[in-house]
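*Asks:* Model the structure of this input:
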Amino acid sequence: MEERPAVVNEGTEIGHGEVDTVVGQRAGREAVVFTAVEKGTRNYIAIRIPGRTCAGVESALAQLQELYGAERFSQIFKTMTADNGPEFENLSQFKSLGTKMYFTHSYRSWERTQNERHNGLLRDFLPKGMSIEQFSDENILNMADTLNQRPRRVLGYHTPSELFDAFLDEVYAIECVS
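*Replies:* Here you go, the predicted model:
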């Protein structure tokens with residue numbers, strides 16, 4: 001965390017994310033939700049994955065890479081900050097995409113405040129202890145979309161979707177001009 005640039009902590013530059021997993025029922029091995037929030041726009045991504053494992057996180061990141069394109073991934077996700085959960089053990093391998101990875105100190109959830117706050121908002125749809133198995137991939141995506149459509153005072157009453165879409169337009173416009 002000490003190496004993480006100040007601009008990441010400030011949340012003033014778009015392209016820096018915080019990632020985590022949201023667990024439904026703790027007993028057994030069941031689906032969980034991989035979450036990512038972009039700190040500048042507060043855009044929230046939620047992807048249902050088969051379990052709280054490295055393979056599940058890798059699957060979610062592969063989906064994001066496919067969605068945004070490998071060649072633009074590091075412009076959209078300049079950095080990612082995760083906790084020290086075992087599911088993020090292999091996260092550093094994604095440095096090859098040009099994304100810098102950072103890990104919080106143990107038991108310091110406040111080092112990923114935006115993600116923790118948004119995971120709390122997701123709990124409006126997925127209360128603790130509720131099995132995520134009953135929700136489809138599309139259900140989980142719709143929950144995140146609902147959260148991204150809420151205007152935020154901190155964003156000048158814009159929605160996270162508006163701001164993130166404008167950011168994506170800029171990223172992909174660079175490709176057209178080049």
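*Asks:* alpha carbons only for contacts and neighbour counts from here, please
*Replies:* Fine.
*Asks:* Can you show me the strands along this structure?
*Replies:* 16-23, 32-38, 44-49, 79-82, 100-103 (DSSP state E).
*Asks:* Please state the offset of the longest helix belonging to the chain from the chain centre?
*Replies:* Ranked by residue count and defined by DSSP state H, the top helix of the chain is helix 160-177. How far helix 160-177 lies from its chain's middle: 18 Å, per Cα atoms, centre = their mean, to the nearest Å.
*Asks:* I would like the residues contacting it, please.
*Replies:* 14, 41-44, 72, 75-76, 145, 148-152 (Cα atoms under 8 Å, 6 or more residues apart in numbering).
*Asks:* And stretch 31-40, by the same measure?
*Replies:* 8, 11-24, 43-52, 57, 60, 114-115, 118-119, 131-133, 140.
*Asks:* If we use 7 Å, what do you get?
*Replies:* 11-24, 43-52, 57, 60, 114-115, 132-133 (Cα atoms under 7 Å, 6 or more residues apart in numbering).
*Asks:* Could I have the buried ones of these as ChimeraX selection syntax?
*Replies:* The ChimeraX selection below is limited to those of the contacts of stretch 31-40 classed as buried (16 or more other Cα atoms under 10 Å):
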select :11,14,15,16,17,18,19,20,21,22,23,24,43,44,45,46,47,48,49,50,51,52,57,60,114,115,132
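*Asks:* Grab the most central residue of this structure for me.
*Replies:* In the chain, the residue lying closest to the centroid (Cα atoms, centre = their mean) is residue 36, at 0.8 Å.
*Asks:* Leaving out the residues flanking it, which one is nearest to that one?
*Replies:* With Cα to Cα, 6 or more residues apart in numbering as the criterion, residue 36 has its nearest non-adjacent residue at 4.3 Å, and that residue is residue 19.
*Asks:* From residue 157, how far out is that neighbour?
*Replies:* 24 Å (Cα to Cα, to the nearest Å).
*Asks:* how many other residues sit next to the residue lying closest to residue 100 once chain neighbours are set aside?
*Replies:* Once flanking residues are discounted, residue 100 sits nearest to residue 79: 4.6 Å by Cα to Cα, 6+ apart. Other residues near residue 79 number 21, with proximity taken as other Cα atoms under 10 Å.
*Asks:* Surely residue 79 and residue 95 touch.
*Replies:* No - checked against Cα atoms under 7 Å, the pair residue 79 and residue 95 is beyond contact range at 9.3 Å.
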